[in-house]
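Asker: fold the following for me, if possible:
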Amino acid sequence: MDEITFKTLSDKMLSNFADSTEAADEKGELDVDYQSGVLTITLANKKQYVINQHVPMRQIWLSSPISGAAHFDYANGSWKSTRGGDDLLDLLQREFQF
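Answerer: You can find the predicted model right below:
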């Protein structure tokens, strides 16, 4: 995948997840910040998720206070874990429970 395609696909996923997370946060307990390919979500207990574009590897990298660190490649229309094949959005939805 070329760099422009990667940035387009990953930016769309990160931006959409940021928007849907803010919309689902009815109590206003999350701090959601998406800038320059880095999505940071700070929970009420001050733990953080950092989800970012890693352009050289054409991957999305996740640092989660629940599941730890993981890397995701784009395949067949979704972002799949390089270890085990978990879908990034499915993993995040389980952890955020929405």
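Asker: for this protein, what spans make up the helices?
Answerer: 3-24, 88-96 (DSSP state H).
Asker: which residue of the chain lies farthest from its centroid?
Answerer: residue 27 (21.1 Å; CA atoms, centre = their mean).
Asker: and that residue, how far from residue 97?
Answerer: Distance of residue 27 to residue 97, given as CB to CB, to the nearest Å: 13 Å. C-beta coordinates here come from the backbone N, C-alpha and C atoms, glycine included.
Asker: before we move on, the earlier item: most packed of the helices of the chain?
Answerer: helix 88-96 (a mean of 16; mean count of other CB atoms under 10 Å).
Asker: next, the angle from it to helix 3-24.
Answerer: Our comparison of helix 88-96 with helix 3-24, counting by axes from the mean of the first three to the mean of the last three CA atoms, to 10 degrees, yields an angle of 30 degrees.
Asker: which outside residues touch helix 88-96?
Answerer: Defining contact as CB atoms under 8 Å, 6 or more residues apart in numbering, one finds that helix 88-96 is touched by 13, 17, 21, 24, 49, 51, 60, 62, 64, 66-67, 70, 72, 78-81.
Asker: quick one: buried ones out of those residues?
Answerer: Applying a neighbour-count criterion of 16 or more other CB atoms under 10 Å, the buried members of the contacts of helix 88-96 are 13, 17, 21, 49, 51, 60, 62, 64, 70, 72, 79-81.
Asker: any chance of those residues in a markdown table, plus pLDDT and distance to residue 33?
Answerer: Supplementary listing: the buried ones among the contacts of helix 88-96 in a markdown table, determined by pLDDT from 0 to 100; distance: CB to CB, whole Å:
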| residue | pLDDT | distance to residue 33 |
| --- | --- | --- |
| 13 | 96 | 16 |
| 17 | 95 | 12 |
| 21 | 94 | 11 |
| 49 | 97 | 11 |
| 51 | 98 | 11 |
| 60 | 98 | 16 |
| 62 | 98 | 16 |
| 64 | 97 | 16 |
| 70 | 97 | 20 |
| 72 | 98 | 20 |
| 79 | 97 | 20 |
| 80 | 97 | 25 |
| 81 | 97 | 24 |
